[in-house]
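Undergrad: build me a model from this:
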Amino acid sequence: MSWNDKRLETWVGTMLRTGVLLAAAVVLAGGVMYVVRSGGERADYTHFTAEPAPYATLHGAATGIATLEPRSIIMFGLLLLIATPVLRVALCVMGFALERDRLYVGVSSLVLAILLYSVFFHR
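TA: Residues are numbered from 1 along each chain as shown. Have a look, this model is predicted:
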């Protein structure tokens, strides 16, 4: 089966739906776990406090996921949601390359490079 615009569009649509649904399921699971474990605590909204350090890094989130810590699971779901459009652009680069459309490969590669830079190197 040859690669064409319709096939690429189908793959991208499926990947976007899957990514969003998976991210929603992970956030929901983490949210349910959070409510079950700490539902009786009163929230203090008088002062803003940043997220504790263990949840602010990928390593900290991965460690928390290994111990089924609800906040880490929620963070992982949000990271999946952020990764979904980045993966969409990467899939487009591959699809355009298979179509041998150099212009769109170049433009999509530039967009992918900017996205990856903003995710990994922007402080």
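
Undergrad: so A29, which of the three states?
TA: helix (DSSP: H, G, I helix; E, B strand; the rest coil).

Undergrad: what residues sit buried inside stretch 58-73?
TA: By neighbour count on 16 or more other CB atoms under 10 Å, the buried set for stretch 58-73 is G60, A61, G64, E69, P70, R71, S72, I73. Placement of C-beta: from N, CA and C, glycine included.

Undergrad: which other helices and strands contact the helix or strand where T14 lies?
TA: Using DSSP states H and E, T14 falls within helix 5-38. When contacts are defined as 3 or more CB pairs under 8 Å, 6 or more residues apart in numbering; DSSP states H and E, helix 5-38 packs onto helix 70-99.

Undergrad: report the angle between the helix it packs on and helix 5-38.
TA: When axes from the mean of the first three to the mean of the last three CA atoms, to 10 degrees is applied, the directions of helix 70-99 and helix 5-38 differ by 170 degrees.
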